[in-house]
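> Pasted the sequence and its predicted model underneath.
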Amino acid sequence: MSRYVERAENVARFIEVNLQLMLDAPAGEGQQWLPLVNTTGDHEEFTKRHGEANEQNVIQFLTFDPENPNSILSCVRAARENARTVREIISSEMWLTLNKFYLMVTAAAENEAVALANPHDFFSEVKNASHLFNGISASTMTRAESWHFFHLGRMLERADKTSRILDVKYFILLRSAEDVGTPFDDIQWAAVLRSASAFEMYRKRHGRLAPRRVVEFLLLDRQFPRAVSHSLSVARDSLHAISGTPLGTFRYSPEKLLGQLCSELVYASVDEIVESGLHEYLDELQTTMNQVGAGIFETFFAFKTPKSRKPAGQQQRQ
Amino acid sequence: MRFDNYDVGGFFDELFTDKGQPRSLGRTLVNNIQSLPEGELLNRQRAAERALLQMGITFNVYGERAGTEKIFPFDLIPRIVSAAEWSRIEKGLKQRITALNLFINDLYHGQKILKDGVVPAEIVLSSKAYRQQCRGFKPPRGIWCHVTGTDLVRHGDGQVYVLEDNLRCPSGVSYVLENRAVMKSMFPQVFAQSTIRPVANYPSRLRDMLEYLAPDQVTSPRCVVLTPGIYNSAYFEHSFLAQQMGIELVEGKDLVIDDGQVWMRTTQGFERVDVIYRRIDDDFLDPECFRPDSMLGVPGLMEVYKNGNVALANAPGGGVADDKVVYAYVPRIIKYYLGEDIILPNVPTYICSEEKDLKYVLEHLPELVVKAANESGGYGMLVGPHATAAQCAEFAEKVQANPRNYIAQPTLALSRVPTLIGDHFEGRHVDLRPYILYGKEITVLPGGLTRVALKKGSLVVNSSQGGGSKDTWVLAGAPEMDSSHPDTTPDRLAPQSTAA
């Protein structure tokens, strides 16, 4: 549930930032819409169905396409459906907020043209609904197991999206070497940071815009809340809060993988990463994060037969 | 908006005695509504509908695009019940539930009431809801019908009658609670000026009742709500009640039987379950005991239940007491077990298997409503005043061929409540379903679900046939009734009187 809300928010931010960016692009500069589809990993499906990417079909695909499981509409629908199945666990304020979010997006989907005539308003509403949901969750949920699952899902999603945006944008941006140092280059890097709500915080940390510092900030910063390293380390804390395993040790495979990943990010340096290939690095990172997600499902939610039944206390000692 | 032209139309109206004459219990509300600026009531009606939609109190509309949900229609004008009338209703319901519980227990043990010929044995034993599997079983604390929703109607004579007993997981109480929450935000002044009895503690009472059923050796019982799943039309209610009680909502696949106990899967392994508020019919509860093709239940559950290691509410087998033909015998059942006359009368019912009644029914078909005992949802039913002569003749044959399967009742003139229709008020027919909990004592929720037939002239209040709901306000005032009936202790389940 939290994962889908986070995803909807990220997609809304990507689109909005790109819309702003295109308004600043020099006349004749190619419109960059396909990379947006890459950030949700639906490149192939999109090309198969739409062919050439343009502003209109990309926004439609990412916002209201019910066939695209990662569109804002699909995400909000899935989040609300998940919330229905755990409604007795979450607070009624969370349910109410999520349901209003759902009704807002479905109403907009019934009249796409109106919603997209003023895209800024619509995407702001989506982002605000997600912030509201997270804020209400943070202030109404006991910090017990269900909160930690909620938090874990959100943080894994956030780490995934930040790494993808970095992957897609770094690749794109490095190609236009002739732009380096031009005003538009600066604007493009600022846009990358804004896609992760990171621009102002980056400024405070590093000052001028430099590609490696941007990578360092989004990937390795330990204090910025959307940085991969930070997101994964708080995800790890929640995972251990759920399992009861002391930090720094592991009992289940996702604990091991996530712990290794966090250490890797803590001790990595941006120069090493870029020199050995950022894309390969991010690719491996995403593979490991997927394994963590699958491992969590396997460990905590997969159907177990009665033979494995042990009261909670006993299982913890095994 | 004003009530000046509101016409009671010759019916008993719950809010007005005559044109422009509100009953004393409705004066505060009527004055408040009439003092609102023009258009404000309609704004509030829309605001209430929006709030219900946002709260997600919806049902799925089948046959339309996925995700099409509608709210159960809601009307702002409440039904108001006086303290004195409620006190009588409450007393009557407690009497009825006490007797029905003794009746069910007797049926599965000595069957004295059948042996004494008060209720014909063949009628009970042929009921679809009679469970041979429950013979000789003693449910925890001697209680069979833990949650009951009894449908009441008021006839043109002003008398409140019991129309139907619902002992099999009746639904709708969540609407009562959510409707009230919405009404309090719509009419805060009226609530401030009146003494409307609160309903919000129902989930606490329900939880107390469930915990009371736990096996003796359990000190802090774990209770769960068992739902057929997210696609069930009452799923909203199941999750709402679980949330409000602070207990887990589970499906059959979340529970396993092992070592003579019921266990629930959790992320931390398995935890023992002591009490199950099941919202699944008997038939689907345990494929090893009832329907073998059920995918919803828990194999082996009944065995654990019979051994006293888990409690189920409501108890399997209890549905026999809300059979339509058994209903007709409830006045005699009350007299038999309690030695009392019935407080809240049944709708007069003709039992076609009794010769005198059969003769009357056949002679008066065009005035009567005839119901088949083993059908529900309006099937196998004849509404005499709306039927043709040919339909009556056809039904007469059916009744004569199998009289035991039919009962008949006079057509009732259900009371009405003003209802917002377009931009004005019109009277619409209503019924009332109060909810009764049977735990350590019997408690009746002061209020209930008022269902309203929104179609002009219609007597059918079901949501599938254009029905909606209203809030029900029970006014405080008269001294509180004693909340428990003296004859409900488990040791005293034996009939007090054998006099028929």
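Received, thanks. Numbering: from 1, shown residues only, chains lettered A, B, ... in the order given.
> Low-confidence bits of chain B, can you list those?
Scanning chain B with the threshold set as pLDDT under 70 gives B:59-68, B:374-379, B:463-464, B:478-500.
> how is it carved up into domains?
As given by automatic domain parsing, the domain ranges for chain B are B:94-148+B:197-342, B:350-410.
> so which of those domains is the most packed in?
Per residue and on average, the most neighbours among the domains of chain B fall to domain B:94-148+B:197-342, with a mean of 20 (mean count of other C-beta atoms under 10 Å in any protein chain shown). (Glycine included, C-beta is placed from N, CA and C.)
> got the residues of the stretch 1-150 of chain A near chain B?
Counting by C-beta under 8 Å from any C-beta of the partner chain, the residues of the stretch 1-150 of chain A close to chain B are A:77, A:84-85, A:87-90, A:92, A:95-96, A:99-100, A:103, A:106, A:145, A:149.
> which pair in the residues you listed spans the largest distance?
The distance between the two most remote of these (C-beta to C-beta) is 30.9 Å, for A:106 and A:145.
> For the residue most central in space within chain B, name its beta-bridge partners.
In chain B, the residue lying closest to the centroid (C-alpha atoms, centre = their mean) is residue B:149, at 2.1 Å. Here residue B:149 sits in beta bridges with residue B:166, residue B:435, as judged by DSSP bridges.
> just residue B:70 next, same as before
Assessed by DSSP bridges, residue B:70 has beta-bridge partners residue B:59.
> Give me the neighbour count for it.
The burial count assigned to residue B:70 is 12, neighbours taken as other C-beta atoms under 10 Å in any protein chain shown.
> can you pull out the strands in the stretch 251-400 of chain B?
Using DSSP state E, counting those that start in this stretch, the strands of the stretch 251-400 of chain B run over residues B:255-258, B:261-266, B:269-273, B:275-278, B:311-313, B:350-351, B:368-372, B:381-383.
> which strands and helices sit next to the last one?
It refers to strand B:381-383. With contacts defined as 3 or more C-beta pairs under 8 Å, 6 or more residues apart in numbering or on different chains; DSSP states H and E, the packing partners of strand B:381-383 are strand B:368-372, helix B:389-401.
> need these in TSV with distance to residue B:47, can you?
Formatted as TSV, the helices and strands packed on strand B:381-383 follow (distance: least, C-beta to C-beta, whole Å):
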stretch	distance to residue B:47
strand B:368-372	39
helix B:389-401	45
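> Which among the ones you listed is found nearest to residue B:414?
Shortest separation from residue B:414 across these is recorded for strand B:368-372, at 12.0 Å, computed as C-beta to C-beta.
> That closest one pairs with which strands, parallel or anti?
Here strand B:368-372 is paired, per DSSP bridges, with strand B:381-383 (antiparallel), strand B:406-410 (antiparallel).
> Same list (those strands) but as TSV, adding distance to residue A:281.
Compiled in TSV, the strands paired with strand B:368-372 are given as follows (distance: least, C-beta to C-beta, whole Å):
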stretch	distance to residue A:281
strand B:381-383	72
strand B:406-410	78
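> Which among those is found nearest to residue B:47?
Nearest to residue B:47 among the strands paired with strand B:368-372 is strand B:381-383 (37.5 Å), distances taken as C-beta to C-beta.
> who's in contact with the closest one?
The set of residues external to strand B:381-383 that reach it, using C-beta atoms under 8 Å, 6 or more residues apart in numbering or on different chains, is B:365, B:368-372, B:375, B:391-392, B:395, B:411.
> got the phi/psi numbers for residue B:128?
phi -60, psi -30 (degrees, to the nearest 10).
> so residue A:93 touches residue A:140, yeah?
Yes - using C-beta atoms under 8 Å, residue A:93 is in contact with residue A:140, at 5.3 Å.
> which one is whichever residue of the stretch 151-300 of chain A sits closest to chain B nearest to, not counting chain neighbours?
When distances are taken as C-beta to the nearest C-beta, the stretch 151-300 of chain A reaches nearest to chain B at residue A:300, 4.3 Å away. Nearest residue to residue A:300, sequence neighbours excluded (C-beta to C-beta, 6 or more residues apart in numbering or on different chains): residue B:267, at 4.3 Å.
> can you pull the contacts of the one you found?
Going by C-beta under 8 Å, 6+ apart, residue B:267 touches A:145, A:149, A:242, A:300-301.
> Separate out the buried members of the residues you listed.
A:145, A:149, A:242, A:300 (16 or more other C-beta atoms under 10 Å in any protein chain shown).
> Would you check that residue A:65 makes contact with residue A:75?
No - Residue A:65 is not in contact with residue A:75 according to C-beta under 8 Å; the separation is 11.3 Å.
> Just want the residue of the stretch 51-200 of chain B that's nearest chain A.
residue B:56 (4.6 Å).
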